[in-house]
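Engineer: pasting a predicted model and its sequence here:
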Amino acid sequence: MSLLAYLNGPDWDPSVDGGALVAYPKATASRPAKPEEVAPTGGTLVLFNSRALEHEARPTLRLRWALVGWFMEGDDFETAGAEYRQKLSRIKQRAHRRKVQYSKQKKSLKKIKK
């Protein structure tokens, strides 16, 4: 279970400032699958099953404030820890590739300058 309490001011406009939470519910017989957007307006509280509901936080164009938490039990701790370690490993790999690419570009620029 995920908890989001947005602490932004009431002037937040997702069409200008970005940062909306987008949920992608599964289609049912009575309801088509239609993305739901939640604006990160101050005072908004969102609780949802983050394991069962596909979701994303859109990028922001200004500083966004929120209190975020997760409620877990039993095996969720181990699963979450393993997922975190996998994500962290992928982030480190991407950072290393970018560093290598930057290094190659820098060497190429030095050759061009000579």
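Structural biologist: Received it, and whenever you're ready, just let me know what you need. Numbering: from 1, shown residues only.
Engineer: use CA for all of it now, contacts and neighbours both
Structural biologist: Will do.
Engineer: which SS class is residue 47?
Structural biologist: Three-state secondary structure (criterion: DSSP: H, G, I helix; E, B strand; the rest coil) places residue 47 in strand.
Engineer: close enough to count as contact, it and residue 6?
Structural biologist: No. The pair residue 47 / residue 6 is not scored as a contact, 11.7 Å apart, by C-alpha atoms under 8 Å.
Engineer: neighbour count: these two, which is higher?
Structural biologist: residue 6 (19 against 12; other C-alpha atoms under 10 Å).
Engineer: which non-adjacent residue is nearest that one?
Structural biologist: residue 66 (4.3 Å; C-alpha to C-alpha, 6 or more residues apart in numbering).
Engineer: one more: residue 17?
Structural biologist: Per C-alpha to C-alpha, 6+ apart, closest to residue 17 is residue 61, 5.0 Å.
Engineer: contacts only, for the one you found.
Structural biologist: 16, 17, 18, 19 (C-alpha atoms under 8 Å, 6 or more residues apart in numbering).
Engineer: write the PyMOL selection for whichever of those are buried.
Structural biologist: Buried subset of these, written as a PyMOL selection, criterion 16 or more other C-alpha atoms under 10 Å:
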select buried, resi 17+18+19
